[in-house]
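Q: The sequence isn't on hand, but the structure is:
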């Protein structure tokens, strides 16, 4: 019998980067890289574990924007071509590196890309969402959702209807792809604000996550710290993040990913190799980009880098998995002496950390799960949904408004670099609510225009744009996306109210920004209880 | 004539054959092309062009449409208050020309010009604010031309409301807009303890608590190296601890 639980949570999300207007769009590569380096490698891990009969429980949140992109035929087609190019490059690299210390790594990539292509095309018919669903049905994954476009909810609460719509659209999309409503919801950026849990309750969500201090600084001091969830007065559970386990994995300097034997992220042949050779595999404008083929290990703290040795990295991943497990055992051993119920350690990570940033991450995860199964009986993997079934009685307290962003609150998304967006986002949201309250059961072109207005608003609300603005890189793209969607919304609003909808333009928007085909603008309608929150 | 006729026929035959030879393959080619074209979705057209053309950097790429500008004003009087963290608020506002005219109509034609804009920040913790029952307030002078402000309040777990108004030289304050009420988050453990759920000190001892251990840390760490932020690590995380010493847990 285990003395405590470990809840590993992977949050998979990318903003909606789909640009049919342009064949080679730099930002679409975010998706391609994540599929190649993170999503398929994770599915491979799950496949191997299932094949070997190793039981495990993991929680994975798939954001609605990501689900929409993974199931979009245009992006599937483009990814398929991208992967084809990558395989061609890997083949060339095998030849080029013959008799060099890079050859073994080149062979590794060649094999890896071929396996990915097989999985992508033949196992899941290009629809990776089916993959995650499969492991949910096998009882291995608890797949949960996120807000529709990863809106930063506390800063959208000025218009409660806009927060409801972010959740309603997400839950609806999830149900369509996974056959059942989600039990939990990943609050974008772990950002919680007063009243948000009420909307979760409305859609049958049982739990969400906060950063450590979200639970620790709750209105009443939590008996078990973050080692048990608390219930909001609404009855929705909040699970707080454990710092120790998070940091071991997150930090590139103090954590595992910075180990000198692991692959160096920043040395990519897209930047390193001769222009004429690499030209066909980078952006056609000649912009150098990451190809995903990287031959060096981190080596040390200087710029001197030595060739990657796959076996060494594999060995380290195993050691680090053992270390992680050992630390959790210690933690649980200590906690269980003092607690009158088994502690739960909640360890959430961005999924893209695994594979994309920390190349060996998926391997580490696989080792960890195997070790937990074979080597000990102190720790048991669990999902928050399962935990709540076993321990339905929990302390009631209001979580502390917080996020997992820098400094722990809203500053990353509300600072001098991005504060200007909110006057527009809030105005657009209140106009969307106005439209929804004005038109009941709209039909035909009017309905299409109302639904598209909702899409444009949702796309403008993605937390990614504010985040990118605050980091200072790729700012132009984030500003463009914010302004474009807002301006599309404002024009639709004028056209709808002026009863002069430009159907040609509307059709173009529906084609270009085709997210959430089943959206219903009526989600924005004001309800009685919203009046109280708004004040 | 009779000698010309076979020649004519010969020429006619050659022409006919030529026509047949030249036309049939062309027709075939056309027939071949048709179904293929049908099956190529429009997204492929650019790839074909790219293969034929020399990859001259950017010449053929359409430049992106200009970024649309958003309205500077919406014609709606509003003052919106938002929480940044336990110590800071943010407010933005719009005052319409109508509102300004009303002000002058009430207080005299030069009223706007002889007054200055002031943000009055009320501490309304624990009260249902009606304009005159605040616990305390602080005035902040703001420049005439601004329409937003970052407000230092320095007090976690307190509720605030803000008025934007005009201050007369004699100190009279006239409210133009009133904000929503917000509450700053806590920055420490609560002092409220539940009898049934008494906290377990030993559990708290296991913390070496620190804020923001998540991906912002990566961003900070990455920033020192190359200007490429790894994708998808869009969420922030383990940043530096907040400067305020209250953030530390005292056991």
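A: On my side now, so go ahead. Here the structure is a predicted model, which means the values were calculated and not measured.
Q: For the stretch 51-200 of chain B, which segments count as helices?
A: Taking DSSP state H, counting those that start in this stretch as the test, the helices found in the stretch 51-200 of chain B are B:97-107, B:111-114.
Q: Check which residues of the shortest one are buried.
A: Burial within helix B:111-114, assessed by neighbour count using 16 or more other CB atoms under 10 Å in any protein chain shown, is assigned to B:111-112. For every residue, glycine as well, the C-beta is placed using N, CA and C.
Q: Need the residues that contact the helix or strand hosting residue A:434.
A: Using DSSP states H and E, residue A:434 falls within helix A:421-438. Applying CB atoms under 8 Å, 6 or more residues apart in numbering or on different chains, the external contacts of helix A:421-438 come out as A:155-156, A:158-159, A:161-162, A:165, A:414, A:450, A:453-454, A:457, A:460-461, A:465-466, A:469, A:482, A:486, A:489-490, A:493, A:496-497, A:521-526, B:70, B:74, B:76, B:80, B:82, B:90, B:92, B:94, B:147-148.
Q: redo that, cut-off 7 Å
A: By CB atoms under 7 Å, 6 or more residues apart in numbering or on different chains, the surrounding residues in contact with helix A:421-438 are A:155-156, A:158-159, A:161-162, A:450, A:453-454, A:457, A:460-461, A:466, A:482, A:486, A:489-490, A:493, A:496, A:521-522, A:524-526, B:70, B:74, B:80, B:82, B:92.
Q: swap in stretch A:508-520?
A: So stretch A:508-520 is in contact with A:16, A:20-21, A:65, A:68, A:148, A:169, A:172-173, A:176, A:448, A:451-452, A:454-456, A:459, A:488, going by CB under 7 Å, 6+ apart.
Q: What's the mean pLDDT across that stretch?
A: Per-residue pLDDT over stretch A:508-520 has a mean of 97.
Q: List the buried residues of it.
A: A:509, A:513-516, A:519-520.
Q: try stretch A:40-59
A: A:40-46, A:49-50, A:56-59.
Q: Pick out whichever of those sits closest to chain B.
A: residue A:42 (12.7 Å; CB to the nearest CB).
Q: can you give me the strands for the stretch 151-251 of chain B?
A: Assigned by DSSP state E, counting those that start in this stretch, the strands in the stretch 151-251 of chain B fall at B:159-167, B:173-178, B:182-183.
Q: of all these, which lies closest to chain A?
A: strand B:182-183 (7.2 Å).
Q: Name the strands paired with that closest one and say parallel or antiparallel.
A: strand B:159-167 (antiparallel) (DSSP bridges).
Q: any idea of the angle the partner strand forms with strand B:173-178?
A: 120 degrees (axes from the mean of the first three to the mean of the last three CA atoms, to 10 degrees).
Q: Strand B:159-167: which residues count as buried?
A: B:159-167.
Q: about what we covered before: what's the farthest-apart pair in the buried residues of stretch A:40-59?
A: Within the buried residues of stretch A:40-59, A:40 and A:57 form the most distant pair, 21.2 Å apart (CB to CB).
Q: how about JSON lines for the buried residues of stretch A:40-59, with pLDDT added?
A: Below are the buried residues of stretch A:40-59 laid out as JSON lines (pLDDT from 0 to 100):
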{"residue": "A:40", "pLDDT": "98"}
{"residue": "A:41", "pLDDT": "98"}
{"residue": "A:42", "pLDDT": "98"}
{"residue": "A:43", "pLDDT": "98"}
{"residue": "A:44", "pLDDT": "98"}
{"residue": "A:45", "pLDDT": "98"}
{"residue": "A:46", "pLDDT": "98"}
{"residue": "A:49", "pLDDT": "98"}
{"residue": "A:50", "pLDDT": "98"}
{"residue": "A:56", "pLDDT": "98"}
{"residue": "A:57", "pLDDT": "98"}
{"residue": "A:58", "pLDDT": "98"}
{"residue": "A:59", "pLDDT": "98"}
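Q: So which of these are in strands?
A: Residues of the buried residues of stretch A:40-59 located in strands (DSSP state E): A:58-59.
Q: Among the buried residues of stretch A:40-59, which are located in helices?
A: A:40-46, A:49-50 (DSSP state H).
Q: Could you break the chain into its assigned domains?
A: You didn't pick a chain, so chain A it is. Domain assignment for chain A, taken from automatic domain parsing, gives A:10-257+A:318-407, A:415-534.
Q: Chain B was what I was after
A: Taken from automatic domain parsing, chain B resolves into B:4-52, B:78-183, B:201-247.
Q: for the helix or strand harbouring residue A:106, packing partners?
A: Per DSSP H and E, residue A:106 falls inside helix A:103-117. Taking 3 or more CB pairs under 7 Å, 6 or more residues apart in numbering or on different chains; DSSP states H and E as contact, the helices and strands that helix A:103-117 lies on are helix A:73-96, helix A:310-338.
Q: want to try JSON lines for the ones you listed, with distance to residue A:225 and mean pLDDT as columns?
A: Listed next are the helices and strands packed on helix A:103-117 as JSON lines, based on distance: least, CB to CB, whole Å; pLDDT from 0 to 100:
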{"stretch": "helix A:73-96", "distance to residue A:225": "43", "mean pLDDT": "97"}
{"stretch": "helix A:310-338", "distance to residue A:225": "9", "mean pLDDT": "96"}
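Q: quick one: contacts for residue A:169?
A: A:64, A:148, A:458, A:516, A:519, A:523.
Q: which parts of the stretch 151-300 of chain A sit against chain B?
A: Contact residues (CB under 7 Å from any CB of the partner chain) of the stretch 151-300 of chain A with chain B: A:155, A:158, A:189, A:212-213, A:216-221, A:223-225, A:227, A:243, A:246-247, A:250-253, A:265-266, A:279, A:284-286.
Q: at 8 Å instead, please
A: Counting by CB under 8 Å from any CB of the partner chain, the stretch 151-300 of chain A comes close to chain B at A:154-155, A:158, A:188-190, A:193-194, A:211-213, A:216-225, A:227, A:241, A:243-244, A:246-247, A:250-253, A:265-266, A:279, A:284-286, A:290.
Q: all strands for the stretch 1-150 of chain B, in order.
A: Using DSSP E, counting those that start in this stretch, strands in the stretch 1-150 of chain B cover B:78-83, B:88-94, B:116-123, B:136-141, B:148-152.
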